[in-house]
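Have a look at this prediction, sequence included:
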Amino acid sequence: MKRVALFGLLAAAAFKSAVCAGEPAQKWNVLYIVSDDLNNTLGCYGDKLVHSPNIDRLAKQGVRFDRAYCQFPLCNPSRASFLTGLRPDSTRVVENATQFRKNVPDAVTMPQTFQKAGYFVARVGKLYHYGVPLQIGTSGLDDPPSWMKFVNPRGRDRDDEPSIFTLVPGQFGGTLSWLASEGADADQTDGIGAAEAIKLLEEHKDKPFFLAVGFYRPHTPYVAPKKYFDMYPPDKVPLAAVAANHRDGLPAPAFGSAKKEQEKLTDPLRREARQAYHASTTFMDAQVGRVLDVLERLKLADNTIVVFHSDHGYHLGEHGLWQKMSLWEESARVPLIIYVPNGKGNGHASPRTVELIDLHPTLADMAGIPAPEKLDGKSLRPLLDNPTAAWTKPAYTQVTRGTPTATGETTKKGQSVIMGRTVRTERWRYTEWDEGKSGVQLYDHDRDPQELSNLANDSAHAATVAELRKVLRDGRSASR
């Protein structure tokens, strides 16, 4: 409570002469925090089990977006998208092997926008894609022009891999795997990353900075100190309810992210997996808290915009699925919180549909600096001033089925590759697989937030299907 109050007092005292949140009296700093594979199971999003006090306090001080969506539920495509402000159709990155500049060499990234404005720009940890855990400690598919300084932390979680439980022996990142680790927070990669971020804040507190901090958890393997596992006894961890006939009548590609090894899961293993995911989330939250505390200690909370989000959502058994790469709500939706000093909307939630590609134009707008002309997103400034302001922009997410290649080929070894696309409005989710040739889905979130009843073939909703089909096609055309 003390930390929440202090953060609020600093914010309330900030920039009293500003007419609105979009009129900074000086260059605002940006602290940009990204979590890897984090879904919305957080206290501030209504989850009753997960402990996330630091993200929750940021939500109380900023604007929490309740309907925020990634553009591609896989690390590399999503990160290339939101860091450029371009849709996957524009970057043409749809897998984890392609560095985006091979396709869009002249793209001006979000951190480059701030460099051009005279900011010190640095990253700690994972912002652009690299494989977890094998590439921890490396730069992976990083974009060197984006940063003036970078730090690649590496902790004991890399060395503890022989002790990690995994559904597939020898594999940790692409399959369910976890470990209740010995040692302290400071020994882990994210603990080291938080310490490095704190050093950079201390070193650059007196001049405008854009500091991007990428935490690895709760990405698999779900590794965290044992004390966090103890917070979630398996017998107290609920499981997702999935009807035996859930897949009946639904498009097969909707379940194409399922992995063979997940058939090994028993209920006890499912509870352990969820326990480990939540433990890793709470551990990551603690590292976020360390960085936020330093903003207060250094008196930076009154001139620093803070952004927190995940790269995409994550399944924990819903629809019988685990991990990502689906177009269901759990995979496409992300937590997104934006704190602006003295922001008019601070302390409120926005119900509007927003996208991660909106962040590049938003931060440039709020900082009062020029943004690239050709961005696919839209500034969220109106919603930061008034979270319930009129807003008609829907959110789009896409995903492949099949095996796309790094060179952009559409087939590999005779296997067809199709695209699934979904559009989310405040009420509806409408999805097409291969432009509808491989199936269509429609869900009414006012009545069916778990997306259990597909209305696409219900004649009573034919007009809604026709309207949303046009919205989906229009959105695709706009990004070409």
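Yep, that arrived. Here the structure is a predicted model, which is why all the values come from computation and not from measurement.

remind me, longest helix of this structure?
helix 267-297 (DSSP state H).

buried sites along that one?
Along helix 267-297, these residues count as buried under the neighbour rule (16 or more other C-beta atoms under 10 Å): 270-295. Every C-beta, even on glycine, is put in place using the N, C-alpha and C of the backbone.

avg pLDDT for that helix?
In this model, helix 267-297 has a mean pLDDT of 98.

strand partners of the following helix or strand past it, parallel vs antiparallel please.
Toward the C-terminus, helix 267-297 is succeeded by strand 304-310 as the next helix or strand (DSSP states H and E). Sheet pairing of strand 304-310 (DSSP bridges) gives strand 29-35 (parallel), strand 333-339 (antiparallel).

what comes into contact with the first one?
For strand 29-35, the external contacting residues (C-beta atoms under 8 Å, 6 or more residues apart in numbering) are 79, 110, 114, 119, 126-127, 201, 208-215, 217-218, 284, 288, 291, 295, 300, 303-311, 335, 363, 367.

could you give the angle of it to helix 267-297?
170 degrees (axes from the mean of the first three to the mean of the last three C-alpha atoms, to 10 degrees).

now for the helix or strand that strand 29-35 is followed by, which elements pack on it?
The helix or strand immediately downstream of strand 29-35 is helix 53-61, counting by DSSP H and E. Other elements packing on helix 53-61 under the criterion 3 or more C-beta pairs under 8 Å, 6 or more residues apart in numbering; DSSP states H and E are helix 2-13, helix 267-297, strand 304-310, strand 333-339.

thinking again about what came up before, Throw the strands paired with strand 304-310 into JSON lines and include distance to residue 433, thanks.
Converted to JSON lines, these look like this (distance: least, C-beta to C-beta, whole Å):
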{"stretch": "strand 29-35", "distance to residue 433": "29"}
{"stretch": "strand 333-339", "distance to residue 433": "19"}
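
Now do stretch 79-97, average pLDDT.
97.

Can you list the buried residues in that stretch?
Residues 79-94, 96 are the ones in stretch 79-97 that count as buried (16+ other C-beta under 10 Å).

Sort out which of those residues are in helices and list them.
Using DSSP H, the members of the buried residues of stretch 79-97 that fall within helices are 79, 80, 81, 82, 83, 84, 88, 89, 90, 91.

before we move on, the earlier item: can you check which of the helices and strands packed on helix 53-61 gets nearest to residue 417?
strand 333-339 (24.8 Å; C-beta to C-beta).

now the closest one against helix 53-61, angle please.
60 degrees.

Return the helix or strand following strand 333-339 as PDB; C-alpha atoms alone will do.
Using DSSP H and E, the helix or strand that follows strand 333-339 in sequence is strand 348-355. The C-alpha coordinates for strand 348-355 follow below in PDB (Å, rounded to 0.1, in the frame of the first residue of the first chain):
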ATOM      1  CA  HIS A 348      -9.400   3.700 -15.200                       C
ATOM      2  CA  ALA A 349     -10.000   0.800 -17.600                       C
ATOM      3  CA  SER A 350     -10.700   1.100 -21.300                       C
ATOM      4  CA  PRO A 351     -13.200  -1.400 -22.900                       C
ATOM      5  CA  ARG A 352     -12.100  -0.400 -26.400                       C
ATOM      6  CA  THR A 353     -10.500  -2.900 -28.800                       C
ATOM      7  CA  VAL A 354      -6.800  -1.900 -29.300                       C
ATOM      8  CA  GLU A 355      -3.800  -3.500 -30.900                       C
END
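
Packing partners of strand 348-355?
strand 63-69, helix 381-385, strand 395-401.

repeat that with 6 Å
Packing partners of strand 348-355 (3 or more C-beta pairs under 6 Å, 6 or more residues apart in numbering; DSSP states H and E): strand 63-69.

Distance to residue 234 added to the helices and strands packed on helix 53-61, as JSON lines?
Below are these laid out as JSON lines (distance: least, C-beta to C-beta, whole Å):
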{"stretch": "helix 2-13", "distance to residue 234": "31"}
{"stretch": "helix 267-297", "distance to residue 234": "4"}
{"stretch": "strand 304-310", "distance to residue 234": "24"}
{"stretch": "strand 333-339", "distance to residue 234": "24"}
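
among these, which is nearest residue 46?
strand 333-339 (11.4 Å).

Name the residues that touch that closest one?
40, 42, 58-59, 61-65, 68-70, 306-310, 313 (C-beta atoms under 6 Å, 6 or more residues apart in numbering).

where along the stretch 351-480 of the chain do the helices fall?
Per DSSP state H, counting those that start in this stretch, the stretch 351-480 of the chain carries helices over the ranges 359-367, 381-385, 462-478.

Adding distance to residue 320, mean neighbour count and mean pLDDT, write those helices out as a markdown table.
Shown next, in a markdown table, are the helices of the stretch 351-480 of the chain (distance: least, C-beta to C-beta, whole Å; neighbours: other C-beta atoms under 10 Å; pLDDT from 0 to 100):
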| stretch | distance to residue 320 | mean neighbour count | mean pLDDT |
| --- | --- | --- | --- |
| helix 359-367 | 32 | 23 | 97 |
| helix 381-385 | 35 | 21 | 98 |
| helix 462-478 | 25 | 15 | 91 |
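
beta partners of the residue most central in space within the chain?
The centroid of the chain falls nearest to residue 310 when counting by C-alpha atoms, centre = their mean (1.9 Å). In this entry, residue 310 is beta-bridged to residue 35, by DSSP bridges.

close enough to count as contact, it and residue 39?
No. Residue 310 is beyond contact range of residue 39, at 7.2 Å (criterion: C-beta atoms under 6 Å).

now the stretch 1-150 of the chain, which segments are flagged as low pLDDT?
1-26 (pLDDT under 70).

Please repeat the previous calculation with a cut-off of 50.
The model of the stretch 1-150 of the chain has pLDDT under 50 over residues 1-6, 8-25.

coming back round to it: how about the helices of the stretch 351-480 of the chain in CSV, adding distance to residue 321?
Output for these, formatted as CSV (distance: least, C-beta to C-beta, whole Å):
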stretch, distance to residue 321
helix 359-367, 27
helix 381-385, 31
helix 462-478, 22
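
Residue 179 is nearest to which of these?
That would be helix 359-367 among the helices of the stretch 351-480 of the chain, by C-beta to C-beta, at 32.5 Å.

Distance of residue 472 relative to residue 36?
Separation of residue 472 from residue 36 (C-beta to C-beta, to the nearest Å): 28 Å.

What of residue 248?
Counting by C-beta to C-beta, the gap from residue 248 to residue 36 is 34 Å.

try residue 422
For residue 422 relative to residue 36 (C-beta to C-beta), the value is 22 Å.

And residue 171, by the same measure?
17 Å.

Out of these two, name the residue with the larger neighbour count.
Neighbours were counted for residue 171 and for residue 36 using other C-beta atoms under 10 Å; residue 36 has more, 24 against 16.

Over to the nearest residue to that one once chain neighbours are set aside: give its phi and psi.
Sequence neighbours aside, residue 219 is the residue nearest to residue 36 in space, at 4.0 Å (criterion: C-beta to C-beta, 6 or more residues apart in numbering). Note on residue 219: its backbone torsions stand at phi -50, psi 150 [degrees, to the nearest 10].

give me the number of residues near residue 219?
Residues lying near residue 219 (other C-beta under 10 Å) number 28.

And for residue 453?
Residue neighbour count, defined by other C-beta under 10 Å, stands at 11 for residue 453.

before we move on, what about residue 335?
The burial count for residue 335: 23, using other C-beta under 10 Å.

Now do the same for the closest residue to residue 108 other than its chain neighbours: its pLDDT.
Distances taken as C-beta to C-beta, 6+ apart place residue 372 nearest to residue 108, at 4.4 Å, with adjacent residues excluded. pLDDT for residue 372: 97.
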